[in-house]
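Enquirer: need a structure here:
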Amino acid sequence: MKKLSWFNRVVLWINIVLTVLTVISYILPFMAPKVFPILSVFTLVMPLMLVFNAIFFVYWLLQFKRQMLLSGLVLLLGITFVSKLYRFSSKDREPVSGDFTLMSYNVRLFNLYNWLPDTDIAKKIPAFVKEQNPDVLCLQEYNKVGNNSFSQYKHSFIYTPDKQSGQAIYSRFPIIGTGDIQFPGSANNVVYADIKKGKDTIRVYSMHLQSIKISPDIHENIDEQKSKVIFYRISEAFKRQQLQAEIVQQHKNECHHPMIICGDLNNSAFSYVYRSVKGNMNDAFEEAGGGFGRSYNYKYYPARIDYIFTDENIEVKKYETFSKFINSDHFPIMTRLGFTKEED
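Expert: I've put the predicted structure just below:
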């Protein structure tokens, strides 16, 4: 410490504070948000913490200072979190007979309230889906505007409890069972369909968990009072999400079919909610994705809040985020899957 310049001493103290906050954020996914609701907000900024730790590591490394060990050890301890943030290469295995594709997309009511100036979005989304041609399609924030737009699918389950917003599952394969999961005190929900593919029956869950109600332009005109409101709103949403995630966890524990869970969790991959819903399933992005996997159209932050989780005996062969298709506040995500073994 004595050999450091005054500037490097300041940098070191900032580095130490960041290290402590990062270690705390590593623990938060294992702690229920209702215990420390305000602290749970830190999981949203963990990607920035990891980036800043990497910057500090390089800063000290270039000076050959042993202080590089501080952020270096933190990054090493959080290596599993780094893989959730960024994948350096994607996987794309050759398709084989028996593979199938699934797309998940929050369509934001097909722009019903003209959030975007384009008036043709209700036509562009079905056209895009037809072009990508997924075998199974899961749509969140679905509206009856889309009822006659996906005629290429013979089987569907459409659920719109408030006649305005709901969810839909479309499938090329027969749907032999359907259902929904209602959350107390919330308009959000989960729908599921048991899909028959050859000899296999797959349960596909499509979910839309509690929104934190933060718009993409949150960074504009922010002040102290607004910051307090935002923190409170996020912490309250996280508490609701915890209850919803635990309901989903209990429901899927009673399912005896291979499962795929997809949809909009409205939370990061570093959260208790993500960990609770995912359980021991595979994250398709981690298995075959590349880059940040950004699924929410926030200008300055690579937010990944939409997911596809797969059963352990379902292999993820390809994963793609369509981040250039801007017709909602979310981007479509799609994966190609195959069974590693036949269902008994």
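
Enquirer: C-alpha only now, for contacts and for neighbours.
Expert: Will do.

Enquirer: end to end, how far does stretch 17-36 reach?
Expert: Counting by CA to CA, to the nearest Å, you get 20 Å between the two ends of stretch 17-36.

Enquirer: pLDDT averaged over it - what is it?
Expert: Averaged across stretch 17-36, pLDDT comes to 90.

Enquirer: what's the answer for stretch 262-279, then?
Expert: Stretch 262-279 comes out at a mean pLDDT of 95.

Enquirer: Pull out the CA atoms of it and give them to me as CSV.
Expert: Extracted in CSV, the C-alpha atoms of stretch 262-279 (Å, rounded to 0.1, in the frame of the first residue of the first chain):
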residue,chain,number,x,y,z
CYS,A,262,-39.5,-20.9,-21.7
GLY,A,263,-40.7,-17.3,-21.5
ASP,A,264,-40.2,-13.9,-19.8
LEU,A,265,-39.0,-14.2,-16.2
ASN,A,266,-38.4,-10.4,-15.9
ASN,A,267,-35.3,-11.1,-14.0
SER,A,268,-31.6,-11.7,-14.6
ALA,A,269,-29.7,-15.0,-14.8
PHE,A,270,-28.1,-14.0,-11.5
SER,A,271,-31.3,-14.0,-9.5
TYR,A,272,-33.0,-16.3,-7.0
VAL,A,273,-36.0,-16.4,-9.4
TYR,A,274,-33.8,-17.7,-12.2
ARG,A,275,-32.2,-20.3,-10.0
SER,A,276,-35.6,-21.4,-8.6
VAL,A,277,-37.3,-21.9,-12.0
LYS,A,278,-34.3,-23.4,-13.7
GLY,A,279,-33.5,-26.0,-11.0
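
Enquirer: Could you give me the buried positions within that stretch?
Expert: 262-278 (16 or more other CA atoms under 10 Å).

Enquirer: among the residues you listed, which are in strands?
Expert: 262, 263, 264 (DSSP state E).

Enquirer: Going by distance to residue 146, which of the residues you listed wins?
Expert: Checking those against residue 146 by CA to CA gives residue 263 as the nearest, at 17.7 Å.

Enquirer: Right, I'll leave it there.
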